[in-house]
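Q: No sequence on hand, only this structure:
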């Protein structure tokens, strides 16, 4: 047992143990470690341990850290930065209120799951130095706005960002999503009302899902800094019209269950990459001649 842990253990014997910092892992049988620590798999499992504070004694070589279903109000930045080999962190269903740059400078971090908390916002450049592959911030009642550079990334990996089912999330900003080489962005089930100019900036998006929001307006330059999108899902929103320039080069567009009434010839024509278009469940009364000319449409659902 380390000298620091020994002092902590002796202190807890002398005072109210409820005021002591929890020890995550220990090889000493005299110390009641609160987490399940697997040395071979380099895993620390602190799920549903009633934690109110970040536990001490997490091994520096930990790869997988599970902290879900506790009462944590913040992530201990200094303690987290000691885990330089960390690959995944799971901290769902806690009481976290903010996400700052605590994840920066972790060179191997691929997975961050922090859904079901009370996060009020994501600070700019929170994940800029993180080689992320998966990020989930879902079912959170606190987030109202995603600011510029909230998801400015610098990873060569195909990244999946899930910021879904946050009922108070009403706004994303210009430059919220930046520097994405290859990735998927899922913003379904929020309360977004508009998509501003240059909200998405990157090379290749496997999917951008904005379904089941309250979107009425899409700026004509919303996707101007996107090279290509495979699937763009704008279904189940409140769009009443589409204007020239608001749809980027895309292979599959889902616009069903809106209130679109008119399709002009300038919306989809000459979009050579377009193969599938879903428009059913709208109130379309007119489609201009040659509205789909120049496309590669193979499936059209009206």
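A: That came through fine. Bear in mind the structure is a predicted one, so any value in this text is a computation, not a measurement. Numbering: from 1, shown residues only.

Q: Quick check: residue 251 vs residue 72, distance?
A: 42 Å (CB to CB, to the nearest Å). Heads up, the C-betas are built off the backbone N, CA and C, glycines and all.

Q: How about residue 116?
A: Residue 116 is 12 Å from residue 72, by CB to CB.

Q: Ok, residue 268 next?
A: Going from residue 268 to residue 72 by CB to CB gives 48 Å.

Q: Can you list the low-confidence ranges for this protein?
A: 1-21, 29-30, 244-245 (pLDDT under 70).

Q: The same query, at a cut-off of 80, please.
A: 1-21, 26-32, 41, 100-101, 141, 243-248, 266, 270 (pLDDT under 80).

Q: That one: helices as residue ranges?
A: The residue ranges that make up the helices of the chain, judged by DSSP state H, are 3-14, 77-80, 265-268.

Q: is it true that residue 132 touches residue 155?
A: Yes - with contact defined as CB atoms under 8 Å, residue 132 and residue 155 form a contacting pair (5.5 Å).

Q: nearest spatial neighbour of residue 167, skipping sequence neighbours?
A: Ranked by CB to CB, 6 or more residues apart in numbering and with sequence neighbours excluded, the top spatial neighbour of residue 167 is residue 191, at 5.9 Å.

Q: ok, now how distant is that neighbour from residue 289?
A: 37 Å.

Q: picking up where we left off before, show me the contacts for the residue nearest to residue 167.
A: Going by CB atoms under 8 Å, 6 or more residues apart in numbering, residue 191 touches 166, 167, 168, 169, 170, 213, 214.

Q: One more: residue 32?
A: Applying CB under 8 Å, 6+ apart, the residues contacting residue 32 are residue 23.

Q: And it, its phi and psi?
A: The phi and psi values for residue 32, taken as degrees, to the nearest 10, are phi -80, psi 90.

Q: With that, I have no additional questions.
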